[in-house]
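Participant: sharing a sequence plus its predicted fold:
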Amino acid sequence: MKQSATENNYVTAMGSEEGKTLIFRCLEDLPEGAKETDYPNLLSIYWSYNSPNENGMPDSATNETQIEFEDAVQEFDEVGFSHLALVVTGNGRKEWHWYAHNIEAWMERLNNRLADKPPFPIEIRLNEANDWSLYHGLKSSLAAEASDE
């Protein structure tokens, strides 16, 4: 049985950047049976938007379209394929950071999944990420903040 995103647990935190609110959603732990070394590729998806408000959050129409995009790729979060480790929203952008087993398979699935949808204004960056430093860095920051409270 494949473990899906709906079975994963996420931690939500707030921060700020340039005086604007940031909302972080971070994978609490890898699902049972998953090992970081099986997902050595980081796919970062960036969606820039013009915020109509001072806090840097998207307007409702942009937010709805971003939710549509995320719903379309939610099924990619499965043991053996990839894991959505971090989502950041605020200061005029939304970011999704996925750790993937195979970049080519992930991109092929993305293109197939979005083929019948209007184009989304996204930019995708690919990196090797054997150490999962982005994920561990945020988790360490969240743990440090929690211990300061």
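Facilitator: Ah, there it is.

Participant: which phi and psi does the residue nearest to residue 90 when sequence neighbours are not counted have?
Facilitator: Leaving aside its sequence neighbours, residue 90 sits nearest to residue 22 (CB to CB, 6 or more residues apart in numbering; 3.9 Å). (Glycine included, C-beta is placed from N, CA and C.) Residue 22 adopts backbone torsions of phi -120, psi 140, taken as degrees, to the nearest 10.

Participant: return the residues in contact with residue 22.
Facilitator: 14-16, 56, 88-91 (CB atoms under 8 Å, 6 or more residues apart in numbering).

Participant: by mean pLDDT, flag the weakest helix or strand of this protein.
Facilitator: In the chain, no helix or strand scores lower on mean pLDDT, DSSP states H and E than helix 133-148, which sits at a mean of 79.

Participant: packing partners for that helix?
Facilitator: Contacts defined by 3 or more CB pairs under 8 Å, 6 or more residues apart in numbering; DSSP states H and E place helix 133-148 against strand 10-17, strand 20-27, strand 82-90, strand 93-100.

Participant: the residue nearest in space to the middle of the chain pairs with what?
Facilitator: In the chain, the C-alpha nearest the mean C-alpha coordinate belongs to residue 96, at 2.6 Å (CA atoms, centre = their mean). With DSSP bridges as the criterion, residue 96 is bridged to residue 45, residue 87.

Participant: surely it meets residue 82?
Facilitator: No. Residue 96 sits out of contact with residue 82 when judged by CB atoms under 8 Å, with a separation of 10.8 Å.

Participant: what's the neighbour count on the nearest residue to residue 63 once chain neighbours are set aside?
Facilitator: Distances taken as CB to CB, 6+ apart put residue 57 closest to residue 63, at 7.7 Å, once the chain neighbours are dropped. A total of 21 residues lie near residue 57 under the criterion other CB atoms under 10 Å.

Participant: over to residue 104?
Facilitator: Using other CB under 10 Å: residue 104 sits among 9 other residues.
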